[in-house]
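1. Fold the following for me, if possible:
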Amino acid sequence: MKLGAFSVSLNVKDIQASKTFYETLGFTVFGGDLEHNYLIMKNGDAIIGLFQGMFEQNILTFNPGWDQNATTLEAFDDVRAIQKHLKSNNIKLERETDDSTSGPASIVLYDPDGNTILIDQHV
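-> Numbers count the residues shown, from 1 in each chain. Predicted coordinates for the structure are as follows:
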């Protein structure tokens with residue numbers, strides 16, 4: 001199963017302070033909108049999202065259909081196929097997507113320790 005590009009989405013208290021901190025670590029802004037309180041930052045293949053006031057905890061994020069540069073892949077496992085695989089293996093989903101649709105969709109689940117996993121397909 002191919003989950004796509006990986007990033008960590010961080011719930012931050014002060015997006016400007018976090019931006020400055022991660023820039024010091026060598027990250028540069030890759031996407032997002034500071035005025036809307038979110039930034040995507042990159043250092044090599046490492047990607048972090050900084051989100052102020054959008055969710056309560058940090059999230060492990062996978063993007064089926066994208067590589068680490070947010071370039072659409074020619075072949076990838078659709079989020080609906082991933083959902084079907086997880087459900088057939090008795091993984092409880094917190095949020096499901098409609099199997100009868102196509103294109104962008106997402107699912108949410110928790111790992112055994114309660115960490116949120118977002119599988120978010122944009123294509």
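2. for the residue positioned nearest the centre of the chain, what are its contacts?
-> A centroid search over the chain (Cα atoms, centre = their mean) returns residue 61, at 2.6 Å, as the residue closest to the centre. Residue 61 makes contacts with 6, 7, 8, 9, 49, 117, 118, 119, 120, as judged by Cβ atoms under 8 Å, 6 or more residues apart in numbering. In this view, the C-beta of every residue, glycine as well, is placed from N, C-alpha and C.
3. Pipe these into TSV and attach distance to residue 37 and neighbour count per row.
-> As requested, the contacts of residue 61 are exported to TSV (distance: Cβ to Cβ, whole Å; neighbours: other Cβ atoms under 10 Å):
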residue	distance to residue 37	neighbour count
6	22	14
7	17	23
8	17	13
9	13	22
49	11	21
117	22	18
118	18	18
119	23	24
120	18	21
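4. Show me the residues you listed that map onto strands.
-> Among the contacts of residue 61, DSSP state E puts 6, 7, 8, 9, 49, 117, 118, 119, 120 in strands.
5. Give me the nearest residue to the last one, chain neighbours excluded.
-> Spelled out, that is residue 120. The shortest distance from residue 120 to any non-neighbouring residue, by Cβ to Cβ, 6 or more residues apart in numbering, is to residue 106 (4.3 Å).
6. which SSE is the one you found in?
-> Using DSSP states H and E, residue 106 maps to strand 105-110.
7. re the thing from before, which element is the residue nearest to the centre of the chain on?
-> Residue 61 belongs to strand 59-63, assigned by DSSP H and E.
8. One more: residue 19?
-> Using DSSP H and E, residue 19 maps to helix 15-24.
9. count of neighbours near the closest residue to residue 8 other than its chain neighbours?
-> Of all residues not flanking residue 8 in the chain, residue 48 sits nearest, at 5.3 Å (Cβ to Cβ, 6+ apart). By other Cβ atoms under 10 Å, 22 other residues sit near residue 48.
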